[in-house]
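[1] got a predicted structure here, sequence first:
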Amino acid sequence: MAEVTILIDGKPTIVSAGSSLFEALGSDKRFLAAKVNGQLRDLALAVQAGDDVVGIDLVSPDGLAILRHSTAHVMAQAVQEIYPEAILGIGPPITDGFYYDFGNVAPFTPESLELIEKKMREIINAQQKFIRRVVTEKQAQVELKKEPFKLELVSIKGAPTDDIMEVGGSELTIYDNVDRNGKTIWCDLCRGPHIAHTGMIKAFKLMKTSAAYWRGNEKNPSVQRIYGTAWPTKEELNDYLHRLAEAEKRDHRKLGVELDLFSFPEEIGSGLAVFHPKGGIIRRAMEDYSRSRHESAGYEFVYTPHITKSNLFETSGHLQWYADGMYPPMRVDEERNEDGSIKRAGADYYLKPMNCPFHNLIYRSRGRSYRELPLRLFEFGSVYRYEKSGVIHGLTRVRGMTQDDAHIYCTRDQMPGELKSLLNFVLSLLRDYGLDDFYLELSTRNPEKSIGSDSDWQEATAALQAAAEASGLKLVPDPGGAAFYGPKFSVQAKDAIGRTWQMSTIQVDFQLPQRFELEYQADDGSRQQPIMIHRALFGSVERFIGVLTEHYAGAFPPWLAPTQVVCIPVADTFNDYLDLISSKLCSLGVRVEVDKSDERMQKKIRKAQQQKIPFMLIAGEVDQASNAVSFRYRDGTQVNGVAIDEAIRIILDAIKNRSQV
RNA sequence: GCCGCCUUAGCUCAGGGGUAGAGCAACGCACUCGUAAUGCGUAGGUCCCGGGUUCAAUUCCCGGAGGCGGCUCCA
């Protein structure tokens, strides 16, 4: 038999001509696909001389994606068996799972998901093979005549469609699902690759349903989407479900209720939060620390109103660009005659969606000298944005929020240095709040949604890029993601369970200085336009509290914790002893309570634990006799017999150092 | 804004065409206790709001508000 040489994992290997990839890879069941000359292929494909082959393991990212994509196919097959009228959209793998879109079908319900899961299990048990078949465009059109979405995909083939799994590469392929008797049960247009047969799906679950727009466009018809997940083993599926449950436990909306931090009273309106006393303490501690850091970094504090006449936002351009995102105006001072005609024209006042126009007015309230630059104006500024009802989410997406907003006015020469030191400032402050895993995203110009000269954009983008690179952090490009007036980078932070949150944004702006005709007098006596840098560090205070709540799972470090110390007497005869310690702590500024309720001490511990209070100080006869207390921490560890002075020092140190306990 | 689901005591949730229940929390009494729930008792409801059907609606229907999961959007 003829033999050919191929590369396996880069090593020349001799295999018999016509071998499948599966055979070439030693019939190793760990592999479910292979990368051939850089392209993912089915294992059933025959090797060609000179092929560069790498086996794709089930546990690799590519392997998981293939498994999930194949599971999506099985789901689509199940859906069409139950709802024959359903037409197929697309079904790609996504992070931790997959989805598939269907047209011409009523919304799925939890009951229909159960039916579909059951049908999927039948298909999996039948071990149907995925067989790849190359078709011409004509053939595909004939075979898919009942699948209008697929026909649309066939017709756009050739356009760069790398992100669509159904078509791509140089040829059109259909995958047939074939049963043990060789009969084709179902087929789907797909570029593949797939697992060899459905029996390789060991663990899957349908997760949720949603409506979506065909090809993600609001103008297109709506499709019904089912999300699912699939894993190599049942254990991994269970681990994944467990991770989801853990994430749910740290949901700040849930913790906000349990810890009595904040709420969203229906009476006020959607997306508008109130902070309760305990949430208020966290907020004040955060803000106070931020203020003191800003003060030492050379910022000046300003205050501006929440509403303004429309002309300010006409000057800034917001009314032209973002009127949809603003609350509608209030018309004031209008007077009408008896016939309803206008006697005196009123003025439209708007709630402010941004602080920058106000800061610009402060800048130009008098002449400015180059000696004043960089001028750094800081404000905890409340802004209101009319977010669509469907996007509002706890504290992370609201209609009313407080930005820790600053605008830095500087010369062109100062800009690169200012950006660099700004980024360091931002990162150092975020670290103090307990976030320490970052990367940066650089959002550059969207030509269709922006104004300004190319050279300005290029200069600003280069300065941002240089500052970002100097930080040594990973920089991810976000082409076209910039706001209309200038490029920005944003600091993305990873939380305790690895989720990323967009935190600070740093944005360069040539436009507003021009629109507001901002000037300074340079050292040669000429009048120059300053550059403006916008930056919010928390993004919004509300959102930052939401993120920190989830990051810490409600167990805030002592400096932020609403109650820092709770004193628990073993019996109420020790109340007075703990009162003494508590009043000492209190006089040192510690937020401390003595639990004098009628409960047993175990119950008090449980209560303090549920409130996630950092320090429990327990005292009974043994402690009192030696002028000591016993510590219990949130993780259950205890340190007994700590002398009172030492205990106070431990608590004060943790607060002062902003350390976690 | 779009699609689906949901809304019953402070919280978590059961129930169901004949005006309602549990656990926890709250309050009271007893218990005085060494590291995550002592016992007993009391009180607590416009069953989200408005309209309709019905002898009767918290329950069924329509509309609205709010929430949840997605989609879309995110200066």
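    Yep, it's here.
[2] neighbours of A:Tyr83, how many?
    18 (other C-beta atoms under 10 Å). Any C-beta I mention is one placed from the backbone N, CA and C, and that applies to glycine too.
[3] near RNA strand B, which residues of the stretch 551-661 of chain A are found?
    Applying C-beta under 7 Å from any atom of the strand, we find that the stretch 551-661 of chain A lies next to RNA strand B at A:570-573, A:597-603, A:605-606, A:609-610, A:616, A:618-624, A:630, A:632, A:636, A:638, A:640.
[4] what of the stretch 401-550 of chain A?
    So the stretch 401-550 of chain A meets RNA strand B at A:Ala483, A:Phe484, A:Thr505, A:Gln507 (C-beta under 7 Å from any atom of the strand).
[5] before we move on, back to that, now go through the residues of the stretch 551-661 of chain A next to RNA strand B and say which are in strands.
    A:Met616, A:Ile618, A:Ala619, A:Ser630, A:Arg632, A:Gln638, A:Asn640 (DSSP state E).
[6] drop anything exposed from those residues.
    Applying 16 or more other C-beta atoms under 10 Å to these, the neighbour count classes A:Met616, A:Ile618, A:Ala619, A:Ser630, A:Arg632 as buried.
[7] now do the same contact list for A:Ile568.
    By C-beta atoms under 8 Å, 6 or more residues apart in numbering, A:Ile568 lies in contact with A:Leu578, A:Asp595, A:Met601, A:Lys604, A:Ile605, A:Ala608, A:Met616, A:Leu617, A:Ile618, A:Ala619.
[8] helices of the stretch 451-600 of chain A, residue ranges please.
    Under the criterion DSSP state H, counting those that start in this stretch, helices of the stretch 451-600 of chain A are mapped to A:454-470, A:511-515, A:541-551, A:575-587.
[9] the stretch 101-250 of chain A now?
    Counting by DSSP H, counting those that start in this stretch, the helices of the stretch 101-250 of chain A are A:110-125, A:137-143, A:148-156, A:234-249.
[10] so which elements touch the second one?
    Judged by 3 or more C-beta pairs under 8 Å, 6 or more residues apart in numbering; DSSP states H and E, helix A:137-143 is in contact with helix A:148-156, strand A:172-178.
[11] which other residues reach it?
    In contact with helix A:137-143 (C-beta under 8 Å, 6+ apart) are residues A:Val135, A:Lys150, A:Leu151, A:Val154, A:Lys157, A:Leu172, A:Ile174, A:Cys187, A:Leu189.
[12] how much space separates the fourth one from A:Glu646?
    Summarising the geometry, the distance separating A:Val154 from A:Glu646, computed by C-beta to C-beta, to the nearest Å, is 76 Å.
[13] more neighbours, these two?
    Neighbours per residue (other C-beta under 10 Å) separate A:Val154 from A:Glu646, with A:Val154 holding more: 21 against 13.
[14] could you find the closest non-adjacent residue to that one?
    Of all residues not flanking A:Val154 in the chain, A:Ala140 sits nearest, at 5.0 Å (C-beta to C-beta, 6 or more residues apart in numbering).
[15] can you report how many residues neighbour A:Arg253?
    17.
[16] isn't it right next to A:Thr396, touching?
    No - at 9.3 Å, A:Arg253 and A:Thr396 do not qualify as touching, with contact defined as C-beta atoms under 8 Å.
[17] enumerate the residues of the stretch 1-150 of chain A near RNA strand B.
    Residues of the stretch 1-150 of chain A lying near RNA strand B (C-beta under 7 Å from any atom of the strand): A:Pro107, A:Thr109.
[18] from the stretch 1-150 of chain A, which residue is nearest to RNA strand B?
    Closest residue of the stretch 1-150 of chain A to RNA strand B, C-beta to the nearest atom of the strand: A:Pro107 (3.5 Å).
[19] which residue is the nearest non-sequential neighbour of that residue?
    A:Gln224 (5.6 Å).
[20] beta-bridge partners for the one you found, please?
    Counting by DSSP bridges, A:Gln224 is bridged to A:Phe102, A:Ala211.
[21] walk me through the domains of chain A.
    A:3-57, A:61-245, A:284-331+A:347-551, A:565-656 (automatic domain parsing).
[22] just the C-alphas of stretch A:363-381, formatted as PDB.
    Only the C-alpha atoms of stretch A:363-381 are listed here, as PDB (Å, rounded to 0.1, in the frame of the first residue of the first chain):
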ATOM      1  CA  TYR A 363     -12.800  77.000  32.800                       C
ATOM      2  CA  ARG A 364     -13.800  79.900  30.700                       C
ATOM      3  CA  SER A 365     -15.300  82.000  33.500                       C
ATOM      4  CA  ARG A 366     -12.100  84.000  33.300                       C
ATOM      5  CA  GLY A 367      -8.900  84.200  31.200                       C
ATOM      6  CA  ARG A 368      -6.500  81.300  31.700                       C
ATOM      7  CA  SER A 369      -2.800  81.300  31.700                       C
ATOM      8  CA  TYR A 370      -0.500  78.500  30.600                       C
ATOM      9  CA  ARG A 371       0.900  78.700  34.100                       C
ATOM     10  CA  GLU A 372      -2.400  77.300  35.400                       C
ATOM     11  CA  LEU A 373      -2.200  74.200  33.200                       C
ATOM     12  CA  PRO A 374      -2.700  71.400  33.600                       C
ATOM     13  CA  LEU A 375      -5.900  72.400  35.300                       C
ATOM     14  CA  ARG A 376      -7.700  69.500  36.900                       C
ATOM     15  CA  LEU A 377     -11.300  69.900  37.800                       C
ATOM     16  CA  PHE A 378     -13.000  67.200  39.800                       C
ATOM     17  CA  GLU A 379     -16.600  66.600  40.800                       C
ATOM     18  CA  PHE A 380     -18.800  63.800  42.100                       C
ATOM     19  CA  GLY A 381     -21.300  64.800  39.500                       C
END
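[23] re earlier: thought the residue of the stretch 1-150 of chain A closest to RNA strand B was touching A:Ser222?
    No - A:Pro107 is beyond contact range of A:Ser222, at 9.7 Å (criterion: C-beta under 8 Å).
[24] are there residues contacting both of the two? Which ones?
    Jointly contacting A:Pro107 and A:Ser222 under the rule C-beta under 8 Å, 6+ apart are A:Ala211.
[25] how about A:Val590, nearest residue that isn't a chain neighbour?
    Counting by C-beta to C-beta, 6+ apart, the residue nearest A:Val590 is A:Gln564, at 5.4 Å.
[26] right, and the one you found touches A:Gln611 too?
    No - assessed by C-beta under 8 Å, A:Gln564 is found out of contact with A:Gln611, at 11.4 Å.
[27] of those two, which one has the most company?
    More crowded of A:Gln564 and A:Gln611, by other C-beta under 10 Å: A:Gln564, with 24 against 19.
[28] any idea how far the residue nearest to A:Pro107 is from A:Thr71?
    For A:Gln224 relative to A:Thr71 (C-beta to C-beta), the value is 18 Å.
[29] higher neighbour count, those two?
    A:Thr71 (29 against 22).
[30] mind checking the longest helix of chain A?
    helix A:61-82 (DSSP state H).
[31] list the buried residues in it.
    A:62-81.
[32] that one - contacts with which helices or strands?
    Short answer (3+ C-beta pairs under 8 Å, 6+ apart): helix A:61-82 packs on strand A:31-36, strand A:52-57, strand A:93-94, strand A:97-103, helix A:110-125, strand A:172-178, strand A:184-189, strand A:222-231.
[33] can you pull out the strands in the stretch 351-500 of chain A?
    Under the criterion DSSP state E, counting those that start in this stretch, the stretch 351-500 of chain A carries strands at the ranges A:375-384, A:400-410, A:437-443, A:475-478, A:488-494, A:500-509.
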